[in-house]
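K.L.:
Generate a structure from the sequence data that follows.
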Amino acid sequence: MTVYFIGAGPGAPDLITVRGLRLIERCEVCLYAGSLVPAEIVASAPEGALVRDTAPMHLDEIIDEIKKADAAGKDVARVHSGDPSIYGATAEQMRRLDALGIAYEVVPGVPAFAGAAARLAAELTLPEISQTIILTRTSGKASAMPESESLEILGQSKATLCIHLSIRNLGYVETALTPNYGADCPVVIIYRATWPDEEVIFTTLGEMKARVREEKITRTALILVGRVLGETRFRESRLYDQDFAHVLRNAGKKKARAGLP
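P.N.:
Presented below is the predicted three-dimensional model:
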């Protein structure tokens, strides 16, 4: 018996990996985070399978269901949104399973920030503008942030920021980031990225609070901050430059131009 922690992707049912979907199709027990995992994905569980939404359950109840499956020799599809390694609360479950001697595997999924970037057709790492993406969040009811990871500190990098679980903390986001990014820094707020009811707000640090208030968005939104957003005046990468030689392209031509044997 094995528990499979499966990343369901950001929302669109067809963005789950083939591996993840195939496992759901054969596991006799499916425990899924119903608030963020599309019903269409878990509907592919086999006929007669136990399919249970874990949104109203606490950790002990979830582990109890897994223990029952283990006793019956049934594989479990433990389905989380996005990728299980990012804000998935999977580590605490795995720690319990380690103590119980129950085997598990992790199946990666498309993370929310990647799904959001795809819908925007945006490259989040532009030459000489930003080559770093920081995935972070702000303190909330569930857990506080380490002091060393405050937005004031992370913002000093001026990297592209993907801020999760923080739509109710926009005042703090603005105050913390404006000194380094500027009030006119582009911001994109994406509500339920890749879902049918997805909503995208293009704004700035200085105007985002008012825009979000107008749209009445209060949860399930990702905040992207950075100068890469909507930027068109960036230097082209040397990767495809005809004069840039690497082991797979043009090495011989460069030698010939240089008069080398």
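K.L.:
Please count neighbours and contacts with C-alpha atoms only from this point.
P.N.:
OK.
K.L.:
other SSEs contacting the helix or strand containing V188?
P.N.:
In the assignment (DSSP states H and E), V188 maps to strand 186-191. In terms of contacts (3 or more C-alpha pairs under 8 Å, 6 or more residues apart in numbering; DSSP states H and E), strand 186-191 is packed against strand 199-204, strand 221-225.
K.L.:
angle of that strand against strand 221-225?
P.N.:
Orientation check (axes from the mean of the first three to the mean of the last three C-alpha atoms, to 10 degrees): strand 186-191 against strand 221-225 gives 170 degrees.
K.L.:
pull the CA atoms of strand 186-191 into CSV?
P.N.:
The C-alpha trace of strand 186-191 is given here as CSV (Å, rounded to 0.1, in the frame of the first residue of the first chain):
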residue,chain,number,x,y,z
PRO,A,186,3.6,46.7,-12.0
VAL,A,187,1.4,44.3,-10.1
VAL,A,188,-0.8,41.5,-11.4
ILE,A,189,-3.3,39.9,-9.1
ILE,A,190,-4.8,36.7,-10.4
TYR,A,191,-7.9,35.2,-8.7
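K.L.:
can you give me how far that strand is from the chain middle?
P.N.:
Centre-to-centre, strand 186-191 and its host chain are 14 Å apart (C-alpha atoms, centre = their mean, to the nearest Å).
K.L.:
what is the rounded mean pLDDT of that strand?
P.N.:
For strand 186-191, mean pLDDT is 98.
K.L.:
do the same with stretch 19-27
P.N.:
Rounded mean pLDDT across stretch 19-27 is 98.
K.L.:
packing partners for the longest helix seen in the chain?
P.N.:
Across the chain, the longest stretch assigned as helix under DSSP state H is helix 59-72. In terms of contacts (3+ C-alpha pairs under 8 Å, 6+ apart), helix 59-72 is packed against helix 91-100.
K.L.:
So what touches stretch 51-69?
P.N.:
For stretch 51-69, contacts defined as C-alpha atoms under 8 Å, 6 or more residues apart in numbering pick out 3, 29-35, 42, 45, 75-76, 93, 96-97.
K.L.:
Lowest-confidence one in these?
P.N.:
S35 (89).
K.L.:
any idea how far the closest residue in space to that residue that isn't next to it in sequence is from G34?
P.N.:
Excluding the flanking residues, the one nearest S35 by C-alpha to C-alpha, 6 or more residues apart in numbering is A55, at 6.4 Å. Distance check for A55 against G34: by C-alpha to C-alpha, to the nearest Å, it reads 6 Å.
K.L.:
Between these two, tell me which one has more neighbours.
P.N.:
Set side by side, A55 and G34 show more neighbours around G34, with 17 against 13, by other C-alpha atoms under 10 Å.
K.L.:
Can you name the residues that contact that one?
P.N.:
The contact partners of G34, by C-alpha under 8 Å, 6+ apart, come to D53, T54, A55.
K.L.:
Closest one to A144 out of those residues, please.
P.N.:
A55 (21.0 Å; C-alpha to C-alpha).
K.L.:
Any chance of the backbone angles for the closest one?
P.N.:
Backbone torsions of A55, given as degrees, to the nearest 10, read phi -60, psi -40.
K.L.:
can you tell me how far it sits from A245?
P.N.:
A55 is 53 Å from A245, by C-alpha to C-alpha.
K.L.:
go on, H164?
P.N.:
40 Å.
K.L.:
Give me the local confidence score for G230.
P.N.:
Confidence at G230, expressed as pLDDT, is 87.
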